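Asker: Below are the sequence and a predicted model for it; my questions follow.
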Amino acid sequence: MPIDLTKIKPGASGTVVSLQGGRGFTLRLTNLGIRPGVKITKLNAHFWRGPITVRLGRANLALGFGMASKIMVELDTKNE
Amino acid sequence: MSEARKRIIQKILLMGNPNVGKSAVFSRLTGARVVISNYPGTTVEFMQGYMKLGEQRPVVIDVPGVYSLEPTSRAEEVAIEMLDQGDVIINVVDATNLERNLYLTLQLLQRQIPVIVALNMWDDTRHKGITIDVKKLEQIFGVPVVTTCGLTGEGIKQLVERLPQAHAPKKAPCSAQKCWDEIGIIIAQVQKLTHRHHTWLERLEDLSIQPLGGLVLAAAVVFLSFSLIRFLGEGLINNFFNPFFENIWLPLLYRFSAVLGGKGLLHYVLIGESINGQIDFGVAFGLLTTGLYVPLAMVLPYIFSFYLVLGLWEDLGYLPRFAVLTDNLMHRIGLHGYAVIPMILGLGCNVPGALATRLLEGRREKFIAATLMAVAIPCMAQIAMIVGLVGARGGQYLGIVFGTLFLLLVFKGILLNKLLKGRSPEILTEIPPYRLPQVRAVCKKLSLRVVGFLKEALPYVLLGILFVNILQALKIIDALAAVFSPVLQNIWGLPKEAISALIVGFLRKDVAIGMLGPLELSTKQLVIGSTILAVYFPCIATFTVLLKELGPKDMLKSAVLMLITAVIVGGLLNLILPF
């Protein structure tokens, strides 16, 4: 079952399944490498629905809580 | 090939993702001195320079970074529109982040314009355990691929040599999904990753974006930075600039003053007013006295120390992390974390700060960021003068001035956030790896900024002093003082002569604050005057940039807000300050 990025624990990794947003949103995330099929690791979640930091390959990114909630991830089995 | 050789290259575009080192390559190619830092969005303006290519001298344009040719903001749109003007594109690629960078490369290869690829940051691939088969990549793309390191200059010679071989393979267009699939296949063929241990720098990277540890570290960074800036600034003033002006420059001025006969118009303009034959640099207001003392002995030391410290954090790559950590707080004032970068730049000088508001997505954010900066972020020149003048009356008064400005930033931000329609968009940024600042690069950037300050400030300071001397001589100041005395005296509690400082403040804030010196103000008046000068209006250089960035309508709104704020804040301080 895919869950959104805000609901997984820091340190857990998985595969992006889908982006639940409009064209502009999808484009901006895709440009930064967040697209269905890529491996993603959640690094941190900041307080009070603050930004989420993730690692993709060798790159680190920060994105807002709202954006993160639209990214659906299938967790790796070893996390479960 | 022969066709390529014959072609005359007039315009070369440097294109690539943000923070891949385009400006470093640009600087190497053209010899032009530009600001190079380790965060996405350092270059917000098109930079232009000329390079030597055989007998030709083509123009090279450093285009602000884009992730793809489908724009997601106005700034990206402008960058992409440049594309049709180029004769050759140097596609600068971050070799340590190949997969994501290749999307733009594929899109560029589909155009009609010749392309050459520069695999930049090549030196980083080695210790990151990344190997790339460059020959293979060249075969796949059908255009030259050169490995470079912009910071050290490695590979730049080959890049120039192979520039004429650039050509347009006119690849068939692919859909986004197809393109990414193709990139996946290419990566599998050319790139090998080997596992390696985490370095201490990477451990620090992880720590500095942790919610709790990161905030503690950020507080330490801010405290350390301000302490260092103050220590260096004061040290330079006390041990170098003051002794120079007092022991070397002053005796020369006395001799010169005697040559001029100690009075007359020329004496008044050059030396200024001497009291009982004594010259006081803070009071005289001649071109050779206060006109040099303010920018060189009071402001320059702080400009130097501020940009030294800022340069170190910029080159390390700390700024985007600071942005992530402050994101929450920035949302309260209608912005997101990345808006902290224009603000930090604004502390040096509001002009680059105002330009950097281009990093923000929409009109609303730009308006809020620009207005808040113009009102509540004093530039280093202003800060140095306030520290010099107000600080002499006691450290607690500095606390009142800067505390008031900070509260103003917060309250005005909250207010604008509530009043303006819409919501602040969310942060979305890459966090670059830490890179140890290189001594040479830091010194180069520092000298670029210090020279920039001198070129900008000296003429304006001298002009401002000349201007006010003329107005004084023509009695225009007296007339204006009479007109504005109700606000000045009744609301702010300032003497009506303070009008001259407000007038000069349109030109330069540092001289304006300096002009409060000879007025023999009480401490309360000095605190109020300095605060108002920071708030009421931007200096002309900042105003010009803001007008261009915001447009006349928003600029007018912003300016009205500033004036109202100045009246209210000055009035409140006058009412509540007990001393």
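Answerer: Received it, and whenever you're ready, just let me know what you need.

Asker: CA only for contacts and neighbour counts going forward, please
Answerer: Fine.

Asker: Next to chain A, which bits of chain B? Give me the list.
Answerer: B:67-68, B:72, B:96-97, B:100, B:209-211, B:324-325, B:327-328, B:426-433 (C-alpha under 8 Å from any C-alpha of the partner chain).

Asker: 7 Å instead?
Answerer: Residues of chain B lying close to chain A (C-alpha under 7 Å from any C-alpha of the partner chain) are B:67-68, B:72, B:97, B:100, B:210-211, B:324, B:327-328, B:426-432.

Asker: Helix, strand, or coil at B:Glu45?
Answerer: Judged by DSSP: H, G, I helix; E, B strand; the rest coil, the three-state class of B:Glu45 is coil.

Asker: give me the number of residues near the residue nearest to it when sequence neighbours are not counted?
Answerer: Among residues not flanking B:Glu45 along the chain, B:Pro64 sits closest, at 6.7 Å (C-alpha to C-alpha, 6 or more residues apart in numbering or on different chains). B:Pro64 sits with 26 neighbouring residues when counted by other C-alpha atoms under 10 Å in any protein chain shown.

Asker: and the host helix or strand of B:Leu325, how far from the chain's centre?
Answerer: Per DSSP states H and E, B:Leu325 falls inside helix B:319-332. The chain centroid and the centroid of helix B:319-332 are separated by 18 Å, computed with C-alpha atoms, centre = their mean, to the nearest Å.

Asker: for stretch B:223-241, same thing?
Answerer: On C-alpha atoms, centre = their mean, the centre of stretch B:223-241 falls 21 Å from that of its chain.

Asker: With only the CA atoms kept, save it in PDB.
Answerer: C-alpha atoms of stretch B:223-241 as PDB (Å, rounded to 0.1, in the frame of the first residue of the first chain):
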ATOM      1  CA  PHE B 223      25.900  34.200  17.000                       C
ATOM      2  CA  LEU B 224      29.300  33.300  15.800                       C
ATOM      3  CA  SER B 225      28.900  35.300  12.600                       C
ATOM      4  CA  PHE B 226      27.800  38.500  14.300                       C
ATOM      5  CA  SER B 227      30.500  38.200  16.900                       C
ATOM      6  CA  LEU B 228      33.100  37.700  14.200                       C
ATOM      7  CA  ILE B 229      31.800  40.500  12.100                       C
ATOM      8  CA  ARG B 230      31.900  42.900  15.100                       C
ATOM      9  CA  PHE B 231      35.300  41.700  16.300                       C
ATOM     10  CA  LEU B 232      36.900  42.100  12.800                       C
ATOM     11  CA  GLY B 233      35.100  45.400  12.100                       C
ATOM     12  CA  GLU B 234      36.000  47.000  15.400                       C
ATOM     13  CA  GLY B 235      39.500  45.600  15.200                       C
ATOM     14  CA  LEU B 236      40.100  47.100  11.800                       C
ATOM     15  CA  ILE B 237      38.700  50.500  12.800                       C
ATOM     16  CA  ASN B 238      40.700  50.700  16.100                       C
ATOM     17  CA  ASN B 239      43.900  49.300  14.900                       C
ATOM     18  CA  PHE B 240      44.100  50.500  11.400                       C
ATOM     19  CA  PHE B 241      41.600  53.000  10.000                       C
END
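
Asker: Can you name the residues in contact with it?
Answerer: Taking contacts as C-alpha atoms under 7 Å, 6 or more residues apart in numbering or on different chains, the residues outside stretch B:223-241 that touch it are B:Ala297, B:Met298, B:Pro301, B:Tyr302, B:Ser305, B:Phe306, B:Val309.

Asker: Please flag which of these sit within helices.
Answerer: In helices, judged by DSSP state H, the following of the contacts of stretch B:223-241 are found: B:Pro301, B:Tyr302, B:Ser305, B:Phe306, B:Val309.

Asker: if I pick the third one, what's in contact with it?
Answerer: Listed by C-alpha under 7 Å, 6+ apart, the contact partners of B:Ser305 are B:Ile229, B:Leu232, B:Gly233.

Asker: what bits of chain A have low per-residue confidence?
Answerer: In the predicted model, chain A carries pLDDT under 70 at residues A:78-80.

Asker: Residue numbers of it in contact with chain B?
Answerer: So chain A meets chain B at A:24, A:28, A:31-33, A:44, A:46-47, A:50-51, A:58, A:60-64 (C-alpha under 7 Å from any C-alpha).

Asker: Could you rerun that using 8 Å?
Answerer: Neighbours of chain B within chain A, by C-alpha under 8 Å from any C-alpha: A:24, A:27-28, A:31-33, A:44-48, A:50-51, A:53, A:58-67.

Asker: quick one: pLDDT of B:Glu202?
Answerer: On the pLDDT scale, B:Glu202 is placed at 87.

Asker: so what are the domain limits for chain B?
Answerer: B:2-193, B:211-576 (automatic domain parsing).

Asker: so which strand or helix has B:Ala188?
Answerer: Assigned by DSSP H and E, B:Ala188 belongs to helix B:176-190.

Asker: Now that we have the residues of chain B next to chain A, which of them are buried?
Answerer: By neighbour count, with 16 or more other C-alpha atoms under 10 Å in any protein chain shown, those hold B:67-68, B:72, B:97, B:100, B:210-211, B:324, B:327-328, B:426-432 as buried.

Asker: What is the neighbour count of residue 25?
Answerer: This is for chain A. Using other C-alpha under 10 Å, A:Phe25 has 15 neighbouring residues.

Asker: Sorry, I should have been clearer: chain B.
Answerer: 28.
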